[in-house]
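Visitor: generate coordinates for the sequence data below:
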Amino acid sequence: MTALLILVTLGAEPSMAAVAGEKAVYLWWGTSTAVAHEVHRAEAGGAFQRLARIEPVRDRARAEEILLAPDDPLVRMIRWSDDFQARASFQPELDRDLSLASPVWARLRGAGFLDESAAAGRSYRYRVVRVGESGAESALGEVEIVAGKLAPLPAPDPVPSLATETPSLAWEAAAGVGYEVRRSDAPGGPFEPAGGGLVTPSLSARRVSWQDRGASPDGRTLYYQLAARDLLGRIGKPSMPVPVATLDRTPPEPPRRLRTEGIPGGIRLAWERSPEPDAAGYHLYRSELAPAEGKDAMQPKARVRLTRALLPRDAASFDDRETTPRKVYHYEITAADRKGNESRASPPARASPRDQTPPAKVQGLRATAGEGGRVRLAWRASAESDLWTYRVLAGSGERGPLRLLEQVAPRSGEKEMTHELRLDPRSQEARRFAVAAVDLSENQGPPSEPVEIRLPDRVPPSAPILTRLAAADGAVEIGWASGGEPDLAGHHVWRAERGQAALRLTERPLPPEARDHRDATARAGVAYLYAVSAVDRSGNEGPRSEVRSTATFRAGRPQAPAGLVARAAKGTDRVLLEWKLPEEARGTMVWSAAAREGAWQQLGGLVRQSRIEVARPAQGSVLYRVQAIDGNGEPSEPSEPVEIRANGERVRP
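Guide: Purely as a prediction, here's the structure:
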């Protein structure tokens, strides 16, 4: 049931309205600049009595209390503030609409009054008097109404509007009646407030057009219900659910995990299919990448769509055969739904056709050795358009394999590339270098012609060991053992008398194979100190041996090493020689020969330990023996030899 609505018109628009409820009468007179309004009431045939003086609520705490109390959907959207109150004062139409839609707001603004003392079934006359700032009174209007006289609330009959961007409804609105609009995804609900939840009433009957601006344009069918609401807040029966189909303007999500793979003659793309239920297919886009310095410094340009028509929804791969070798491409994929909405682009993937053509051979490689282990390489820059890097290859000896040492980034605009290496400055090993160009597909071109280089020799040979010092008739005989350096050029013999500086006896180095010297210039009866130094082919002279005198040598010789044995070294194909060294010995000299009666060759310098690893012969056999050297440099007799054969057998002769 609805309350009876009575309008009072002074001029073109109604200026006052009265609504009869079951137990109350509500009076409304809209906005006013009056200081206050007085409400007078009279029963039929009786005199008017002042019923109430109505003033706007100006206390904020009281206003908030009133706003929070009722179950009024419009009031729930209003927050009292000085700013809102000021806007309502300066915008009368806004204030009028709010006070008409909400009795609570009307009472706050001093534009309405609820008479809860009216008795049901009785007829009343009401008069509203405007009180100005000066206290002058003027009649605003009178109305007569029967309290408790109810009529059915008109049921709305909404009609949906077709083919609009936003869901729209239209219906005939009754005078003084507002409407609550609710929305659901299903005809059976649940229904929730839509578009603000309330269409405010009007004092006159009119046709209302309403749009749901909160609905998503995703192609769904939405269902709406309307329920009338009178000025006293009573709600009528809701309308039947009205379906409204939204226009689909929501694009799908793009496919995920776009991947690329270079294949002969093109690029293969793969992705995860779209899970969207209305996905119709896919479009692919490609851009060329403009290279800058470095492999990854690239930017996409000239984006084009590869697919003339949508790829099927169940497609998960595509081969791009319209590619150019050595170019790098940037790919993206989108999904489109049945309404033609296209998604945003997926995260990009980069690829290049599988380039099987390596760069050309690097030309003009040169190497220069400097001090401190520095080696400077120079070569002609490659003219390859897709050059990525240069690889510097290095190896030892004349025929050893070349392995990657370093990578060198190309420098744009230079005709010649240079690069400096640092090697161990003590190394005298011959080193070979080559340079190869590598393209963006990581194809390595053939290495340049290798160059060989040695560092300047600044490493002197080690000190020899005096092995013999003996006085003879009118001479002194000196013997020594060398350190066995491969670049040994010879030896110098030094002599000194006690308390005097040493003099070099040899004007030129003795031959490298010499191991003794006869000093025929020694004077009889004079004690001399002798030492020997080694010289290499680069002119580096090593430290002198320990100084020895003829008076310090004893007559006896040290014992020979005992128990020389040979066995396979663990984890290698080499052979371990071991022996027992006498206590008085300083070290051991190791000798080798092809036969017992053959020429014995010294194997390196003095060995301080009682073991040494030697290489197994490739064929045949090799004999080894050891000789102890005591603290005076005196050698022992050689030990019994052992024989090492290529097949691994060893025999003690």
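Visitor: tell me the SS of the nearest residue to E332 once chain neighbours are set aside?
Guide: Residue nearest to E332 in three dimensions, not counting chain neighbours: A345, with 4.0 Å by C-beta to C-beta, 6 or more residues apart in numbering. All C-beta atoms are positioned from the backbone trio N, CA, C, and that covers glycine. Recorded secondary structure, A345: coil (DSSP: H, G, I helix; E, B strand; the rest coil).
Visitor: now swap in G233 and tell me
Guide: coil.
Visitor: how close does it get to K301?
Guide: Note on G233: its distance to K301, by C-beta to C-beta, to the nearest Å, is 65 Å.
Visitor: cool, and D212?
Guide: For D212, the distance to K301 equals 44 Å [C-beta to C-beta].
Visitor: for R53, same thing?
Guide: Plainly put, R53 is 79 Å away from K301 if you go by C-beta to C-beta.
Visitor: more crowded one of the two?
Guide: Taking other C-beta atoms under 10 Å, R53 and K301 do not tie; R53 has more neighbours (13 against 10).
Visitor: and the host helix or strand of that one, what does it pack against?
Guide: Using DSSP states H and E, R53 falls within strand 49-54. Judged by 3 or more C-beta pairs under 8 Å, 6 or more residues apart in numbering; DSSP states H and E, strand 49-54 is in contact with strand 36-43, strand 112-115.
Visitor: tabulate these (a markdown table), appending mean pLDDT, distance to P275 and mean neighbour count.
Guide: A markdown table is the format used below for the helices and strands packed on strand 49-54 (pLDDT from 0 to 100; distance: least, C-beta to C-beta, whole Å; neighbours: other C-beta atoms under 10 Å):
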| stretch | mean pLDDT | distance to P275 | mean neighbour count |
| --- | --- | --- | --- |
| strand 36-43 | 91 | 64 | 18 |
| strand 112-115 | 87 | 56 | 22 |
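Visitor: so A63 belongs to a helix, correct?
Guide: Yes. Checked against three-state DSSP, A63 lies within a helix.
Visitor: that one against V57, yeah?
Guide: Yes. Counting by C-beta atoms under 8 Å, V57 is a contact partner of A63 at 5.0 Å.
Visitor: need the residues touching each of those two.
Guide: Residues touching both A63 and V57 by C-beta atoms under 8 Å, 6 or more residues apart in numbering: L108.
Visitor: contacting residues around H419?
Guide: H419 is in contact with 376-378, 390, 392, 406, 408, counting by C-beta under 8 Å, 6+ apart.
Visitor: try it again at 10 Å.
Guide: By C-beta atoms under 10 Å, 6 or more residues apart in numbering, the contact set of H419 is 375-379, 390, 392, 406-408, 433, 435.
Visitor: next up, phi/psi of S99, please.
Guide: Phi and psi for S99, reported as degrees, to the nearest 10, are phi -70, psi -30.
Visitor: spatially nearest residue to it (excluding sequence neighbours)?
Guide: Spatial nearest neighbour of S99, excluding adjacent residues (C-beta to C-beta, 6+ apart): A106 at 3.7 Å.
Visitor: which non-adjacent residue is nearest A336?
Guide: The shortest distance from A336 to any non-neighbouring residue, by C-beta to C-beta, 6+ apart, is to E342 (4.7 Å).
Visitor: the one you found reaches E253, doesn't it?
Guide: No. Under the criterion of C-beta atoms under 10 Å, E342 makes no contact with E253, lying 11.5 Å away.
Visitor: joint contacts of the two?
Guide: Taking C-beta under 10 Å, 6+ apart as the criterion, E342 and E253 both touch 334-335.
Visitor: next, the buried residues of the longest strand along the chain.
Guide: Counting residues, the longest strand in the chain under DSSP state E turns out to be strand 279-291. Within strand 279-291, the residues that qualify as buried are 279-289, 291, counting by 16 or more other C-beta atoms under 10 Å.
Visitor: stretch 199-218 now?
Guide: For stretch 199-218, the neighbour count (16+ other C-beta under 10 Å) marks 199-203, 208, 210, 212, 215 as buried.
Visitor: looking at the residues you listed, which is nearest S99?
Guide: T200 (10.2 Å; C-beta to C-beta).
Visitor: quick one, grab the pLDDT at the closest one.
Guide: The model reports T200 with a pLDDT of 74.
Visitor: equivalent analysis for L311, please.
Guide: Looking at L311, the pLDDT reads 94.
Visitor: go on, S441?
Guide: Reported pLDDT at S441 in the predicted model: 74.
Visitor: show me the contacts for the closest residue to it other than its chain neighbours.
Guide: Excluding its sequence neighbours, the residue lying closest to S441 (C-beta to C-beta, 6+ apart) is D355, at 3.7 Å. Contacts for D355 (C-beta under 10 Å, 6+ apart) come out as 262, 325-327, 386, 439-443.
Visitor: as TSV, these with distance to G45 and neighbour count would be great.
Guide: Listed next are the contacts of D355 as TSV, based on distance: C-beta to C-beta, whole Å; neighbours: other C-beta atoms under 10 Å:
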residue	distance to G45	neighbour count
G262	103	17
P325	108	15
R326	108	17
K327	102	15
D386	108	18
D439	111	22
L440	106	20
S441	108	18
E442	109	11
N443	113	18
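Visitor: quick one: which of the residues you listed sit in strands?
Guide: Of the contacts of D355, the ones assigned to strands by DSSP E are 262, 439.
Visitor: among the contacts of D355, which one sits closest to R625?
Guide: Using C-beta to C-beta, E442 comes nearest to R625 of the contacts of D355, at 55.8 Å.
Visitor: mind listing what the host helix or strand of Y26 pairs with, with the direction of each?
Guide: Using DSSP H and E, Y26 falls within strand 25-28. Strands flanking strand 25-28 in the sheet, each with its direction: strand 14-20 (antiparallel), strand 112-115 (antiparallel) (DSSP bridges).
Visitor: who does the residue nearest to L311 when sequence neighbours are not counted form a beta bridge with?
Guide: Nearest in space to L311, with sequence neighbours left out and distances taken as C-beta to C-beta, 6+ apart, is Y282 at 4.4 Å. Per DSSP bridges, the residues bridged to Y282 are L311, A335.
Visitor: surely Y282 is in contact with A270?
Guide: No. The criterion here is C-beta under 10 Å, and Y282 misses it with A270 at 11.8 Å.
Visitor: what pLDDT does the closest residue to L387 other than its chain neighbours get?
Guide: Once flanking residues are discounted, L387 sits nearest to P410: 5.3 Å by C-beta to C-beta, 6+ apart. At P410, the model reports a pLDDT of 93.
Visitor: quick one: contacts for P193?
Guide: Contacts of P193 by C-beta under 10 Å, 6+ apart are 73, 180-183, 214.
Visitor: where's the residue lying closest to A34 once chain neighbours are set aside relative to R50, distance?
Guide: Leaving aside its chain neighbours, A34 sits nearest to R130 (4.5 Å; criterion: C-beta to C-beta, 6+ apart). Distance from R130 to R50, counting by C-beta to C-beta: 14 Å.
Visitor: common neighbours of these two, please.
Guide: E38.
Visitor: what about the two, which has more around it?
Guide: Using other C-beta under 10 Å, the more surrounded residue of R130 and R50 is R130, with 18 against 11.
Visitor: tally up the residues packed near A44, please.
Guide: With neighbours defined by other C-beta under 10 Å, the count for A44 comes to 10.
Visitor: again, but for P401
Guide: Burial measure for P401: 10 neighbouring residues, criterion other C-beta under 10 Å.
Visitor: does it touch G395 like I think?
Guide: Yes. The criterion here is C-beta under 10 Å, and P401 meets it with G395 at 5.7 Å.
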